[in-house]
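> can you look at this prediction? I've put the sequence above it.
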Amino acid sequence: MLTLVIVIILVAFVFDFLNGFHDSANSIATIVSTRVLTPRKAVMWAAAFNLIAAFLFDVHVAKTIGKGLVELSAVNEYVILSGLTGAIAWNIITWYFGIPTSSSHALIGGYGGAAIAKAGFGVILLGGWTNTIIFIAIAPLMGMAIGFTLMVILMWMFHERSSSKINGLFRKLQLGSAALYSLGHGTNDAQKTMGIITSLLVTSGYLKTFEVPWWVIISSHFAIALGTLFGGWRIVKTMGQKITKLKASGGFCAETAGGITLLLTAFFGIAVSTTHTITGAIMGVGATKRVSAVRWGLAGRIVTAWVLTIPCSAVVAAVSYWLVSFLRQLFA
């Protein structure tokens, strides 16, 4: 049993690493596209603040993921392993095609799909899923609204100043906004892996109550920071260049809007997608120029991928659970 638990924890850290790798584009795309930092320096900056987040915030999101979505009494090690498998598979597929989908929703979908495969739909705690489903729409809209508002305010404040002076100022300020966003990304996404690992420790009897151990917190942040350090370059191009063109002032507004949204939702324990949030923020900033400045066709394809993430990862996880169950019976 202990060996199996250790293996699943390692698989969880693999997912966490891939989460950082997949979502590094969210943290660095704007600061790279505005040429404030080189890609190498940008990922180092983002990874550092992903790790620093471990020491600054509570674990409300981890509790939502770990005990608020699925009835823990119906969960076992194989459910968690299958859920992680579904999430990892979806992440790899979307990374390969350069689609900025949500690692968070892939994990949530995988976890739910594997649990349903084991115990049926009755295992799902509908109350815990309400905010998650609602915020698929609300998180990017929050990012869009805040990004749009910040950009309008800056345009009004600096409309009499030369473009070169404004960009020079915001090239410096963007370091702070990128750090804020990376703090939000770290605290939001690392906690999802923490919740899964803590659920594993509770269901396997190694923890009596759902309290996230300190070593799980540090390890989860380290794994996501390491993944961010390696970077998912295919998605950087989509996020930083294809949706809309950004200057330093726009990058500052997008990152600040994304960071504010992520930290607010993390404070209330709402599991949201960092990808959805920053994409919405970038669209909001781009829309201040003119509506046609945003490539809405590409945005529409991205949104379609968002909608498909939870059900697709759930199906992969369910198939994984059935396959694992078949192999266990075969070799029993």
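Nice, I can see it.
> residues near residue 228, how many?
Residues lying near residue 228 (other Cβ atoms under 10 Å) number 34. In short, each C-beta sits where N, CA and C put it, glycine included.
> wait, doesn't it sit right on residue 18?
No: Residue 228 is beyond contact range of residue 18, at 10.8 Å (criterion: Cβ atoms under 8 Å).
> for residue 201, give me its contacts.
The neighbours of residue 201, taking Cβ atoms under 8 Å, 6 or more residues apart in numbering as the test, are 5, 207, 213, 216.
> which helix or strand lies directly C-terminal to the host helix or strand of it?
In the assignment (DSSP states H and E), residue 201 maps to helix 163-203. The helix or strand immediately downstream of helix 163-203 is helix 214-230, counting by DSSP H and E.
> helices or strands next to that following helix in the packing?
On a contact count with 3 or more Cβ pairs under 8 Å, 6 or more residues apart in numbering; DSSP states H and E, helix 214-230 meets helix 2-33, helix 39-52, helix 163-203.
> want to throw those into TSV with mean pLDDT and distance to residue 91?
Converted to TSV, these look like this (pLDDT from 0 to 100; distance: least, Cβ to Cβ, whole Å):
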stretch	mean pLDDT	distance to residue 91
helix 2-33	84	5
helix 39-52	86	17
helix 163-203	87	12
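> wait, which of the ones you listed is closest to residue 246?
Among the helices and strands packed on helix 214-230, the nearest to residue 246 by Cβ to Cβ is helix 2-33 (5.5 Å).
> flag every buried residue along the closest one.
For helix 2-33, burial by neighbour count (16 or more other Cβ atoms under 10 Å) applies to 5, 8-9, 11-13, 15-33.
> packing partners for that helix?
Using 3+ Cβ pairs under 8 Å, 6+ apart: helix 2-33 touches helix 39-52, helix 77-96, helix 103-119, helix 163-203, helix 214-230, helix 233-237, helix 248-267, helix 274-287.
> so for residue 62, which of those helices sits nearest?
When these are compared by Cβ to Cβ, helix 163-203 sits nearest residue 62, at 4.0 Å.
> stretch 6-24: how far from the chain's middle?
The chain centroid and the centroid of stretch 6-24 are separated by 12 Å under Cα atoms, centre = their mean, to the nearest Å.
> got the CA coordinates for that stretch in PDB?
The C-alpha coordinates for stretch 6-24 follow below in PDB (Å, rounded to 0.1, in the frame of the first residue of the first chain):
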ATOM      1  CA  ILE A   6       4.300   7.000  -3.000                       C
ATOM      2  CA  VAL A   7       3.900   6.200  -6.700                       C
ATOM      3  CA  ILE A   8       0.600   8.200  -6.900                       C
ATOM      4  CA  ILE A   9       2.200  11.100  -5.100                       C
ATOM      5  CA  LEU A  10       5.000  11.100  -7.600                       C
ATOM      6  CA  VAL A  11       2.400  11.000 -10.400                       C
ATOM      7  CA  ALA A  12       0.700  14.000  -8.800                       C
ATOM      8  CA  PHE A  13       4.000  15.900  -8.800                       C
ATOM      9  CA  VAL A  14       4.400  15.000 -12.500                       C
ATOM     10  CA  PHE A  15       1.000  16.600 -13.100                       C
ATOM     11  CA  ASP A  16       2.000  19.600 -11.100                       C
ATOM     12  CA  PHE A  17       5.200  19.900 -13.100                       C
ATOM     13  CA  LEU A  18       3.200  19.700 -16.400                       C
ATOM     14  CA  ASN A  19       0.800  22.200 -15.000                       C
ATOM     15  CA  GLY A  20       3.600  24.700 -14.600                       C
ATOM     16  CA  PHE A  21       5.100  23.700 -18.000                       C
ATOM     17  CA  HIS A  22       1.700  24.000 -19.700                       C
ATOM     18  CA  ASP A  23       0.700  27.200 -17.900                       C
ATOM     19  CA  SER A  24       4.100  29.000 -17.900                       C
END
